[in-house]
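**Student:** With the sequence up front, the predicted model follows.
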Amino acid sequence: MPARSDRLCAYPRAVRRPITYANVVATLALVLAMSGGAIAATRYLINSTRQINPHVLKQLRGAIGPRGLTGAIGPVGPQGVTGQIGTKGPKGEPGPDGFSALSTLPPGGSESGEIQVAGPGVPSGVVVVSAVTFSVPLAAALNEEHTLILADDLTVPEHCPGIGEAGRGYLCIYIRSGVKVEETTVYDPEADASKGVPVEGSGRYGFGVHLKPAELVPLAGLYATYTVTAK
């Protein structure tokens with residue numbers, strides 16, 4: 001027995017701690033902590049799109065959604081500050097003088113108007129008379145050679161090329177329609193007609209129209225336009 005007691009003292013047995021609930025929990029916590037660190041080590045923190053491959057970034061973008069409804073109109077904003085008045089511009093060049101009844105038609109200037117002569121129940125041989133006044137007087141009268149009466153759409157290209165036109169120093173009368181008219185004469189009401197014979201042509205302020213019906217008719221007349229151009 002003494003010999004056994006010495007062997008126990010010289011070779012003590014290893015101390016074995018019993019397995020408890022605390023030891024198990026601590027061991028599991030250590031394992032989980034180590035595995036979590038390994039998982040975390042394989043992840044990256046992305047804080048910029050430049051860290052993503054452009055091809056991958058394009059795939060990550062979703063489709064564009066439908067357009068939303070238009071919102072209500074907002075309130076009117078406050079009126080802005082009134083700007084300063086700009087500087088006054090330079091004075092423009094004076095324009096040409098306008099036409100008036102107190103002046104004369106300038107050389108090469110033209111004016112146009114309408115002529116209407118009618119005589120109800122005019123017997124044959126009786127002359128119907130009418131007069132036309134120029135809006136702007138001429139500087140000089142026009143004689144018979146410079147007063148042309150054109151009917152049935154006739155024109156004289158050199159002096160009366162068409163309605164609304166007249167050569168320089170000419171009065172062109174374009175008859176548009178006539179009823180039972182035998183003869184039409186244009187005369188100068190300002191010329192001396194003491195001999196009882198009208199002077200054909202045009203005066204400075206206008207001209208007269210003699211219309212001679214072909215026969216006794218309920219209505220005889222004509223409608224025409226004129227254009228005169230100053231010399």
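**Tutor:** Okay, I see it.
**Student:** And stretch 100-117, end to end?
**Tutor:** Terminal residues of stretch 100-117 lie 26 Å apart, using Cα to Cα, to the nearest Å.
**Student:** For that stretch, list every residue counted as buried.
**Tutor:** Across stretch 100-117, burial judged by 16 or more other Cβ atoms under 10 Å covers Thr104, Leu105, Ser110, Glu111, Ser112, Ile115, Val117. Where you see a C-beta, it was placed from the backbone N, CA and C, and this is true even at glycine.
**Student:** Low-confidence bits of this structure, can you list those?
**Tutor:** Low-confidence regions of the chain, defined by pLDDT under 70, span residues 1-47, 49, 51, 57, 99, 119-125, 179-180, 215-220.
**Student:** And the strands in it?
**Tutor:** Using DSSP state E, the strands found in the chain span residues 110-122, 128-133, 142-143, 147-150, 171-179, 181-187, 201-202, 206-213, 217-229.
**Student:** Need the winner for burial among those.
**Tutor:** Comparing these by mean neighbour count (mean count of other Cβ atoms under 10 Å), strand 201-202 comes out on top with a mean of 24.
**Student:** Pairing partners for it, with directions?
**Tutor:** As defined by DSSP bridges, the strand partners of strand 201-202 come to strand 142-143 (antiparallel).
**Student:** Would you pull up how far the strand it pairs with lies from the middle of the chain?
**Tutor:** 47 Å (Cα atoms, centre = their mean, to the nearest Å).
**Student:** Redo the strands of the chain as TSV? Include distance to Thr70.
**Tutor:** Formatted as TSV, these follow (distance: least, Cβ to Cβ, whole Å):
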stretch	distance to Thr70
strand 110-122	58
strand 128-133	65
strand 142-143	72
strand 147-150	67
strand 171-179	61
strand 181-187	72
strand 201-202	71
strand 206-213	68
strand 217-229	59
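**Student:** And those: which comes nearest Leu69?
**Tutor:** Closest approach to Leu69 among these (Cβ to Cβ): strand 110-122, 62.4 Å.
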